[in-house]
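Colleague: Just a sequence and a predicted model for now, questions to come.
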Amino acid sequence: MALSDLLQQAHFEMMSVNAPEHLAPHPACILFFNICDGKQHAYTHISIGNKF
(Lines give C-alpha, C1' and ligand atoms only; values in the text may rest on other atoms or scores of the structure.)
Protein backbone atom coordinates (compact mmCIF):
# COMPACT_ATOMS: atom_id res chain seq x y z
CA MET A 1 0.00 0.00 0.00
CA ALA A 2 1.33 3.45 -0.89
CA LEU A 3 2.38 5.85 1.86
CA SER A 4 -0.05 8.48 0.56
CA ASP A 5 -2.91 5.98 0.92
CA LEU A 6 -1.87 5.17 4.49
CA LEU A 7 -1.66 8.86 5.40
CA GLN A 8 -5.08 9.51 3.87
CA GLN A 9 -6.56 6.64 5.87
CA ALA A 10 -4.88 7.86 9.08
CA HIS A 11 -6.20 11.38 8.46
CA PHE A 12 -9.74 10.09 7.96
CA GLU A 13 -9.56 8.01 11.16
CA MET A 14 -8.12 10.89 13.16
CA MET A 15 -10.80 13.34 11.98
CA SER A 16 -13.56 10.91 12.97
CA VAL A 17 -12.36 10.69 16.60
CA ASN A 18 -14.32 12.88 18.98
CA ALA A 19 -11.44 13.91 21.25
CA PRO A 20 -11.28 17.12 23.27
CA GLU A 21 -8.87 19.81 22.09
CA HIS A 22 -5.49 19.89 23.79
CA LEU A 23 -4.12 23.10 25.16
CA ALA A 24 -0.49 24.15 24.80
CA PRO A 25 2.08 22.74 25.26
CA HIS A 26 0.39 19.50 24.15
CA PRO A 27 0.22 18.95 20.37
CA ALA A 28 -3.08 18.11 18.71
CA CYS A 29 -1.46 15.48 16.46
CA ILE A 30 1.33 12.99 16.92
CA LEU A 31 2.28 10.82 13.95
CA PHE A 32 5.04 8.25 14.11
CA PHE A 33 6.56 5.78 11.70
CA ASN A 34 8.52 2.65 12.51
CA ILE A 35 10.63 1.49 9.61
CA CYS A 36 12.51 -1.80 9.60
CA ASP A 37 14.00 -4.17 7.05
CA GLY A 38 13.42 -7.17 9.32
CA LYS A 39 17.14 -7.62 10.02
CA GLN A 40 18.00 -4.54 12.06
CA HIS A 41 16.32 -2.52 14.80
CA ALA A 42 13.48 -0.32 13.62
CA TYR A 43 14.00 3.37 13.00
CA THR A 44 11.28 5.52 14.56
CA HIS A 45 10.43 8.99 13.26
CA ILE A 46 8.01 11.13 15.26
CA SER A 47 6.26 14.27 14.01
CA ILE A 48 4.04 16.53 16.08
CA GLY A 49 1.87 19.50 15.17
CA ASN A 50 -1.37 21.34 15.72
CA LYS A 51 -3.03 19.95 12.59
CA PHE A 52 -2.63 16.92 10.37
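Modeller: On my side now, so go ahead.

Colleague: The residue nearest the centre of the chain bridge partners, please.
Modeller: Central residue of the chain (CA atoms, centre = their mean): Leu31, 2.0 Å from the mean position. Beta-bridge partners recorded for Leu31 (DSSP bridges): Ser47.

Colleague: quick one: low-confidence parts of this protein?
Modeller: 22, 52 (pLDDT under 70).

Colleague: can you give me the helices in this protein?
Modeller: Remark: helices assigned in the chain by DSSP state H are 3-16.

Colleague: For Pro25, see how far away Ala42 is.
Modeller: 27 Å (CB to CB, to the nearest Å). C-beta here means a position set from N, CA and C on the backbone, and glycine is covered the same way.

Colleague: Repeat that for Met1.
Modeller: Applying CB to CB to Met1 and Pro25 gives a distance of 34 Å.

Colleague: Over to Ala19?
Modeller: Noted for Ala19: a distance of 17 Å to Pro25, by CB to CB.

Colleague: now do Leu31
Modeller: Taken as CB to CB, the span from Leu31 to Pro25 is 18 Å.

Colleague: Have a look at Ala42 and Pro25 and say which one is more surrounded.
Modeller: Shown here are Ala42 and Pro25; by other CB atoms under 10 Å, Ala42 has more neighbours (10 against 5).

Colleague: Give me the nearest residue to the more buried one, chain neighbours excluded.
Modeller: Distances taken as CB to CB, 6 or more residues apart in numbering put Cys36 closest to Ala42, at 3.8 Å, once the chain neighbours are dropped.

Colleague: The one you found: how many residues sit nearby?
Modeller: Applying other CB under 10 Å, we find 10 residues neighbouring Cys36.

Colleague: Does it touch Tyr43 like I think?
Modeller: Yes: between Cys36 and Tyr43 there is a contact at 7.1 Å, judged by CB atoms under 8 Å.

Colleague: Would you mind measuring from Leu7 to Met1?
Modeller: 11 Å.
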